[in-house]
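Novice: pasted the sequence and its predicted model underneath.
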Amino acid sequence: MDRLSRYLTAQFFVQALTIFLAGGALIWLMQLLRLFDLVSSQGQNILTLMGQSALTTPTYARSILYVCLAIGLVRGLRALQSSRELHTIHAAQRTPALWSAIIAFTVIGTLAVGAVAHWAEPLARRVSAEWSADIAADVVGRALVPGQFTELEDGLVFSIGGRRADGTLADFFFDDTTHDTRRTYFAETARVFKDTSGYQLILNDGAIQYESAEQRGLSQIAFGQYHISLTSLVEAGRPDAGIEQLDTLALIEGLGLGTLDNPERALAAVHSRLADGLRAIAFCALAASLVAFPHGRRGGFRVPMELVILVIAFAEQAVSAFSGGGANHYVAPGLILAFAVALFAYRLRYASPPSMFRRAGA
């Protein structure tokens, strides 16, 4: 890569990183607002709120990173168009340096998208789940208000009658609706402790009531002591958590060994993550085919290319969402890539200045 290619690649990355950092900051603030009521109701501090929102950011960053790359490429090429540098590159037949810069930008951007989709997002989800289990233990063991019902996660409701000096919870009540069978736990006393497998909730002298949609009435089982894993309770409130917390290599290994409980969903997750890399390539190719060639237009109304990229990205996401999942995730970005390659080939043949100069000279 020569000096011109390095200069152009740096310009593209500056634009893309600026847009991505601005978008990431907005996403983080939105997550702060979304989690504020939940975290504050659980008695947690501002650091927990900021940390939890930061751990959810990679999930949303994954959905905008490839768009930021394409828009950054568009803005970088438009800046070259405004300064007439793009005209000079084409007229001086230095386009190989331009194409090298675009290819390098696309490859590095695709690797970044893959790192987020295959590794960073699952890791963030895994750390968030472990932190949520710690918060759950804190809520159950300390932050529950006697006589008040507290929702730990969707479908998990706790209540206590009082708290003794040694931390024992008296008149414990817990309702779990995360399963097909509703479970309600009653116990005279309860305690929270941590072992090698995570936080455990020990219930003493109580009963479990079961209620399912298939049967009428309740079934009750009395117990002297009963153990509940708080980590499993938090994961039960998020049915896809186990798969979402595994990186792609772990999912592929699990599919090969047959150790996953839901192989269909795991395979769909792998396809979804791989499709993100294809989206990055497709949208960068689309941006290059639209803006990488100079023009002499000065006035008149022109649709911003950034808006065109956004509209196409929304349309592609809508098509992918209703495509049925699995390998169908590749259909929409594949069509965009095919269109971008065809448009680029056409403009390279008929719209580049050197070609026009050669036709005029002939």
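Specialist: Cool, got the structure. Numbers count the residues shown, from 1 in each chain.

Novice: so F20 makes contact with S63?
Specialist: No - F20 lies out of contact with S63 (CB atoms under 8 Å); the separation is 11.9 Å. C-betas here are computed from N, CA, C, even on glycine.

Novice: hey, where'd the helices end up in the chain?
Specialist: Counting by DSSP state H, the chain has helices at residues 3-41, 46-82, 85-91, 95-115, 121-138, 230-236, 241-244, 248-257, 263-291, 305-321, 331-350, 353-361.

Novice: okay, these in TSV with mean pLDDT and mean neighbour count next?
Specialist: TSV is the format used below for those (pLDDT from 0 to 100; neighbours: other CB atoms under 10 Å):
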stretch	mean pLDDT	mean neighbour count
helix 3-41	81	16
helix 46-82	85	20
helix 85-91	88	18
helix 95-115	94	18
helix 121-138	77	19
helix 230-236	63	20
helix 241-244	70	19
helix 248-257	87	14
helix 263-291	92	21
helix 305-321	90	15
helix 331-350	91	15
helix 353-361	45	11
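
Novice: nearest to A170, of the ones you listed?
Specialist: Taking CB to CB, helix 121-138 is the member of the helices of the chain nearest to A170, at 18.0 Å.

Novice: just checking, what packs against the closest one?
Specialist: If contacts are counted by 3 or more CB pairs under 8 Å, 6 or more residues apart in numbering; DSSP states H and E, helix 121-138 sits against helix 46-82, strand 150-153, strand 198-211, helix 230-236, helix 241-244.

Novice: hmm, try it at 10 Å
Specialist: With contacts taken as 3 or more CB pairs under 10 Å, 6 or more residues apart in numbering; DSSP states H and E, helix 121-138 sits against helix 46-82, strand 150-153, strand 182-195, strand 198-211, helix 230-236, helix 241-244, helix 248-257, helix 263-291.

Novice: tell me the angle it makes with strand 198-211.
Specialist: In terms of direction (axes from the mean of the first three to the mean of the last three CA atoms, to 10 degrees), helix 121-138 departs from strand 198-211 by 80 degrees.

Novice: relative orientation of helix 121-138 and helix 3-41 in degrees?
Specialist: Using the same axes, to 10 degrees: helix 121-138 against helix 3-41 is 20 degrees.

Novice: tell me what angle helix 121-138 forms with helix 46-82.
Specialist: Using the same axes, to 10 degrees, the direction of helix 121-138 lies 160 degrees away from that of helix 46-82.

Novice: quick one: helix 121-138 to chain centroid distance?
Specialist: How far helix 121-138 lies from its chain's middle: 16 Å, per CA atoms, centre = their mean, to the nearest Å.

Novice: centre of the chain versus stretch 90-110, how much separation?
Specialist: Worked out by CA atoms, centre = their mean, stretch 90-110 lies 29 Å from the chain centre.

Novice: before we move on, back to that, let me have the helices and strands packed on helix 121-138 in TSV, adding distance to A338 as columns.
Specialist: Output for the helices and strands packed on helix 121-138, formatted as TSV (distance: least, CB to CB, whole Å):
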stretch	distance to A338
helix 46-82	16
strand 150-153	44
strand 182-195	50
strand 198-211	49
helix 230-236	41
helix 241-244	31
helix 248-257	25
helix 263-291	9
